[in-house]
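Undergrad: requesting a structural model of the entry that follows:
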Amino acid sequence: MQRLLGKKAGRLAADRARGVDPRPVVPRTLPASAAVRHRFGHHTLDGATVRSALLDLVVQLGLLLRGRGQAAQALTLALHFAGGTIWEKTRRLPEASAHDEDLRTLAYQLMDAAGLQRARLTGITLRGQDLINSDQVATQISLDQARESRLLTEQTLDRIRAKFGPNAVGPAATAPFHRAS
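TA: Numbering: from 1, shown residues only. Here you go, the predicted model:
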């Protein structure tokens, strides 16, 4: 190798071929955003269908973030219209979160801000922005038993999804969007 490549490059190539690499291993940082998308099969005007698709995206995004050990500090909702235009709005969460309830509340606020009436949608994109590691999120002591029950249920649902697939359980309103796995 040294005769073909030269002394330094030949030694380096031979070492790498034997698996010798003195460089430190640096863990790859997780991305600063995560996005989930839904494309409608045809242009839709039905508000209930759009809201169900958005709820499905919230569940997917929450599962993705929790699986990565991340929490979003902001959400961006992008609505894709039949004419090719896109409406996009970003809002910050009150506290960084990866919980479906928190993400759903803000996603619905963003959808309401769009003021859709008779718009023909072709797709929706929901993006978690300014992601941080979930261990950096402050845990508040809560006296809201209903919220604590929902968070415990969410952990249980995540374990079920991990064992039986992401579409094993979820909100009933999202059932039309689940594909057989």
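
Undergrad: surely Gln73 forms part of a helix?
TA: No - secondary structure of Gln73 (DSSP: H, G, I helix; E, B strand; the rest coil): strand, not part of a helix.

Undergrad: just checking, it touches Asp130?
TA: Yes - using Cβ atoms under 8 Å, Gln73 is in contact with Asp130, at 3.9 Å. Bear in mind the C-beta positions are built from the backbone N, C-alpha and C, glycine included.

Undergrad: hey, what's in contact with both of these two?
TA: Arg92, Ala96 (Cβ atoms under 8 Å, 6 or more residues apart in numbering).

Undergrad: who are the contact partners of Trp87?
TA: Ala78, Leu79, Phe81, Ala114.

Undergrad: please flag which of these sit within strands.
TA: Ala78, Leu79, Phe81 (DSSP state E).

Undergrad: could you tell me which of the residues you listed count as buried?
TA: The neighbour count (16 or more other Cβ atoms under 10 Å) marks Ala78, Leu79 as buried among those.

Undergrad: could I get the ones in strands among the contacts of Trp87 as a markdown table with pLDDT and distance to Val26?
TA: Below are the ones in strands among the contacts of Trp87 laid out as a markdown table (pLDDT from 0 to 100; distance: Cβ to Cβ, whole Å):
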| residue | pLDDT | distance to Val26 |
| --- | --- | --- |
| Ala78 | 96 | 33 |
| Leu79 | 95 | 39 |
| Phe81 | 92 | 43 |
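
Undergrad: okay, which residue is most central for this protein?
TA: In the chain, the centroid-proximal residue (Cα atoms, centre = their mean) is Leu61; its distance is 3.0 Å.

Undergrad: how many residues are close by Pro58?
TA: Actually, residue 58 is Val. It isn't Pro. Neighbours of Val58 under the rule other Cβ atoms under 10 Å: 24.

Undergrad: who's in contact with Ser80?
TA: Let me fix one detail, which is that residue 80 is His and not Ser. Contacts of His80 (Cβ under 8 Å, 6+ apart): Arg39, Ile86, Leu121, Thr122, Gly123, Ile124, Thr125.
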